[in-house]
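Trainee: Here's my sequence, what's the structure:
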Amino acid sequence: MTLDIIIFIASVVFGISLYWSETKSNGLYRAINKLTHSKELQMKPENKKGFFVNQEFIPRLIYVNLLFIIALLFLLLLPFKIQADFYVSAVVGTLIGVYLGSFVVKVKGTSENLFDSVVDTGKEIIDDIKTKEKEAPEFVKEDVNSTAVEAEEKTTHTEEPEAPKKSARERLKDKGLLK
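Mentor: Numbering: from 1, shown residues only. Modelled structure (predicted):
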């Protein structure tokens, strides 16, 4: 039982490393694609598809099974005796590891994109503040000077008596809304 758990955990880590290494370079899949497909049907250079990357569940299951069958055949050819009882836990663990690896790679990619967009937005805001700060003193000085001049003019003109204002009732009577 403990050996089964150890093999399961090791195969999960193996699946994560398989997915991660295939996201970096899918050279083996690309080489097999060149051998099996005509020139028109071959993968485009920007295509990231691989044995585990951008595949559905059934192709991933087939590729993991083929990988372990080849490994077991190789181990059976060796002169010492091995047990193949842990095949299922190794396959299941590797599939879980592949899906965990795809989740980690996607989260890492989106978090990097999110971080980059936040940093770019922050830089734009800081640049806007800097440019407004350089332009603002001229406008502020003009506005401050003009308001100061207007305030002085008001103080000089307020010495003259103003006409008394009508009350709200009188204005409504003028409009004909009150009797």
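Trainee: Now Y19: which helix or strand?
Mentor: helix 2-24 (DSSP states H and E).
Trainee: buried sites along that helix?
Mentor: Buried positions in helix 2-24, judged by neighbour count with 16 or more other C-beta atoms under 10 Å: 7-8, 10-12, 14-16, 18-20, 22-23. Backbone N, C-alpha and C define where each C-beta goes, glycine included.
Trainee: In which helix or strand does the residue nearest to the spatial centre of the chain reside?
Mentor: Against the mean C-alpha coordinate of the chain, by C-alpha atoms, centre = their mean, the closest residue is T110 at 2.3 Å. Per DSSP H and E, T110 falls inside helix 87-157.
Trainee: re the thing from before, mind checking pLDDT for the residue nearest to the centre of the chain?
Mentor: We have a pLDDT of 74 for T110.
Trainee: The one 10 residues further on now?
Mentor: Reading off the per-residue confidence, D120 sits at a pLDDT of 77.
Trainee: R169 now?
Mentor: At R169, pLDDT is 80.
Trainee: got any ranges where this structure has weak pLDDT?
Mentor: Within the chain, the ranges that satisfy pLDDT under 70 run 45, 82-84, 109, 132-163.
Trainee: let's go with 80 and repeat that
Mentor: Judged against pLDDT under 80, the low-scoring parts of the chain cover residues 1, 21-34, 36-55, 78-85, 105-164, 172, 176-179.
Trainee: What is the neighbour count of D127?
Mentor: Neighbour count for D127, taken as other C-beta atoms under 10 Å: 10.
Trainee: distance of it from V64?
Mentor: With distances taken as C-beta to C-beta, to the nearest Å, D127 is found 50 Å from V64.
Trainee: How about residues contacting the strand or helix carrying Y63?
Mentor: Per DSSP H and E: Y63 is located in helix 57-77. Here helix 57-77 makes contact (C-beta atoms under 8 Å, 6 or more residues apart in numbering) with G15, F51, F52, Q55, I82, A84, Y87, A90, V91, T94, L95, V98.
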